[in-house]
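K.L.:
my questions concern the predicted model and sequence given below.
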Amino acid sequence: MMNTHIIRGIVASLWTVYIVNGDHIKSIVSRHELGLEDLPREQRPVADTPCSVKYIKHGCYNDKSKSSLRALRELLFQDRYKGKTYSGRKIDWKNWATYLPELVCRCAIATNNKGYVYFGIQFYGECWSSADAGDRFHIYGPNDKCVNTEYKSCDDQASGEACAGAGHANYVYEIVPDFPTGSGVGPPIHPEEY
């Protein structure tokens, strides 16, 4: 008689369940495989790579090719070819699993430096944003042409997974402030400094 044991562990801020059946070990990591897709989920910052700017995922959305119709109107930089917006780095297809999270982090930093909040990774190596990106990123509807670090479809529920859009698709992220903003809210005050 075979015994089935379930051991739970947290890996990269996701629940991974290992089912041990004799000598066979099966790893289950998606919310769908665990039957949890209907449960509410906390939005946590993406954590594929250490980044000085925190951000969360919003999903994959269609875009247009004509510049006047773009959902995210400003190309902050791109890693595709030499030109005006070229970052000086080429897409690293051979090291995609480390390149993509680093690209998302660079885009988050560039977006934050401009004072913008939303940004998208498009065409595997382009960083798009704009001041009105929060109002516009979804105007052409959702898309399923976004990939993760394993070139597989993105799981919007997997908060620690970096994603990029294919051509005419943005994988959209939102910058998360380090502390709440607004009237009467700010970083902690240290009375000893006054």
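P.N.:
Okay, I see it.
K.L.:
let me know the pLDDT of the nearest residue to Tyr151 once chain neighbours are set aside.
P.N.:
Leaving aside its sequence neighbours, Tyr151 sits nearest to Trp96 (C-beta to C-beta, 6 or more residues apart in numbering; 6.9 Å). C-beta: built from backbone N, CA, C; applies to glycine. Reported pLDDT at Trp96 in the predicted model: 97.
K.L.:
residues near Trp96, how many?
P.N.:
Neighbourhood size, Trp96 [other C-beta atoms under 10 Å]: 19.
K.L.:
before we move on, what about Cys127?
P.N.:
Neighbours of Cys127 (other C-beta under 10 Å): 25.
K.L.:
buried residues in the helix or strand containing it?
P.N.:
Secondary structure from DSSP states H and E places Cys127 in strand 126-129. Under the neighbour-count criterion of 16 or more other C-beta atoms under 10 Å, strand 126-129 has Glu126, Cys127, Trp128, Ser129 buried.
K.L.:
and the residue nearest to Tyr151, that one's in a helix?
P.N.:
Yes. Counting by DSSP: H, G, I helix; E, B strand; the rest coil, Trp96 is found in a helix.
K.L.:
can you tell me how far it is from Thr149?
P.N.:
6 Å (C-beta to C-beta, to the nearest Å).
K.L.:
so who does the residue nearest to Ile121 when sequence neighbours are not counted touch?
P.N.:
What sits nearest to Ile121 in space, not counting adjacent residues and going by C-beta to C-beta, 6+ apart, is Ala164, at 4.2 Å. Shown in contact with Ala164 (C-beta atoms under 8 Å, 6 or more residues apart in numbering): Leu100, Leu103, Val104, Ile121, Gln122, Tyr124, Gly125, Cys146, Val147, Tyr171.
K.L.:
so what's Ala164 bridging to?
P.N.:
Val147 (DSSP bridges).
K.L.:
tell me the secondary structure at Gly88.
P.N.:
On the basis of three-state DSSP, Gly88 is classed as coil.
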